[in-house]
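Asker: Give the three-dimensional model of this entry:
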Amino acid sequence: EVASVAAPVKKSFPVWIIPVIAVVLIALGLTLWLLLRTRKVDVPNVVGKTVAEATSDLEANKLKANVAETKVTGTMGAGLVTSQTPEPGGDKVAEGSTVDLVVEGEPTPTPTPTPDASPTPTATPSVAPPAPFAGRWINVDPNTRSNTRIDILQKDTQLKVHAWGKCHPTDCDWGTVDGGVIGNDGIVAWDQGFVLRKMVIRLIGNDQIQVTTDSVYNDNRPRQQIQETFKRQSRLIDVRVTRATAAETMKIREALKAEDARKSTP
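Answerer: Sure, this is the predicted structure:
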């Protein structure tokens, strides 16, 4: 009699291995994501600093500095950063991002005109000229971001100053305020609510003035000082604020008209 052979017992697949593999794969994926993801950092404020200081601050935050433009704005000293992109306080940026900087340039000195070898003598008015600050003054920098034009009327030490600021598409009218002459300077101030602006006007020639505007803001913005040069475009005579009689005013008008005509002749 032949003995029967027992059939081999089949081993069942260990089901518990499936969740273990899944957990391991998830852990590996999470680890790779943490290692490869781009980290976000804050953009520091570097306005008002030198390029070297700004570069150092940005590199400390793992960012790169790029001087995108150098121009004269009159808002900062030469070589200082006047603006940056992106600005501080906004969304975080990826490590290694580039921050573009605009740096204040050196102002171009105003050339001194060369007098003619044999200037033609002109008649001198028989009456005193208008007050020295009186006139319509135009900023010599056509790209200014500050005041573009200033009209001044003067009576003795009293001033009436009307100013316009750079705006788009048309300049902003600051309106007219009263001021005065102290020593050799004209002093006037604008209270515009969010900022108090003090303007010091100094004569630097017969037809040029230097205007220093000091702005003190009511918010957290730093105090700003801008110094710019203006050239007289024409003289302003208003019988309401001058001491000249009607006859004297007509003589002055005719003399200044002839002077302006002479200056405009090539």
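Asker: With adjacent residues omitted, what lies nearest to Q227?
Answerer: Once flanking residues are discounted, Q227 sits nearest to T212: 4.7 Å by Cβ to Cβ, 6 or more residues apart in numbering. Every residue, glycine included, has its C-beta placed from N, CA and C.
Asker: Show me what that neighbour is bridged to.
Answerer: T212 has these beta-bridge partners by DSSP bridges: V200, Q227.
Asker: try the one 4 residues further on
Answerer: Taking DSSP bridges, one finds L196 as the beta-bridge partners of V216.
Asker: contacting residues for it?
Answerer: V195, L196, R197, K198, R223 (Cβ atoms under 8 Å, 6 or more residues apart in numbering).
Asker: Buried subset of those, written for PyMOL?
Answerer: Burial among the contacts of V216 is assessed by 16 or more other Cβ atoms under 10 Å; the matching PyMOL selection reads:
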select buried, resi 197
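Asker: Turn the contacts of V216 into CSV, columns for pLDDT and distance to F133.
Answerer: Shown next, in CSV, are those (pLDDT from 0 to 100; distance: Cβ to Cβ, whole Å):
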residue, pLDDT, distance to F133
V195, 88, 24
L196, 90, 22
R197, 91, 18
K198, 94, 16
R223, 92, 26
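Asker: Out of the contacts of V216, which is nearest to D171?
Answerer: Ranked by distance to D171 (Cβ to Cβ), these are led by R197 at 15.6 Å.
Asker: The closest one against T213, yeah?
Answerer: Yes: applying Cβ atoms under 8 Å as the test, R197 and T213 come out as touching, 5.7 Å apart.
Asker: Where does the prediction get shaky in the stretch 151-266 of the chain?
Answerer: Residue ranges of the stretch 151-266 of the chain with pLDDT under 70: 236-266.
Asker: make it 90
Answerer: Low-confidence segments of the stretch 151-266 of the chain, defined by pLDDT under 90: 155-156, 167-169, 172, 175, 183-184, 190-195, 205-207, 218-221, 234-266.
Asker: in it, which spans are helices?
Answerer: Remark: helices assigned in the stretch 151-266 of the chain by DSSP state H, counting those that start in this stretch are 246-264.
Asker: cool, the stretch 1-150 of the chain as well?
Answerer: For the stretch 1-150 of the chain, the helices defined by DSSP H, counting those that start in this stretch occupy 17-36, 51-60.
Asker: Give me the distance between the last one and the centre of its chain.
Answerer: Distance, stretch centre to chain centre, for helix 51-60: 21 Å (Cα atoms, centre = their mean, to the nearest Å).
Asker: That one: which residues count as buried?
Answerer: Judged by neighbour count (16+ other Cβ under 10 Å), helix 51-60 contains these buried residues: V51, A54, T55, D57, L58.
Asker: Can you tell me which helices and strands it packs against?
Answerer: Counting contacts by 3 or more Cβ pairs under 8 Å, 6 or more residues apart in numbering; DSSP states H and E, helix 51-60 packs against strand 64-71, strand 81-85, strand 98-104.
Asker: Now do the buried residues in the last one.
Answerer: So the one you mean is strand 98-104. V99, L101, V102, V103, E104.
Asker: same check, this time on the first one
Answerer: Of all the residues in strand 64-71, those buried under the rule 16+ other Cβ under 10 Å are A65.
Asker: what pairs with it, and is each one parallel or antiparallel?
Answerer: Here strand 64-71 has these sheet partners by DSSP bridges: strand 98-104 (parallel).
Asker: quick one: the strand it pairs with to chain centroid distance?
Answerer: Between the centre of strand 98-104 and the centre of its chain there are 13 Å (Cα atoms, centre = their mean).
Asker: Pull the residues that contact it.
Answerer: Contact with strand 98-104 is made by 43, 46, 51, 54, 58, 63-73, 75-86, as judged by Cβ under 8 Å, 6+ apart.
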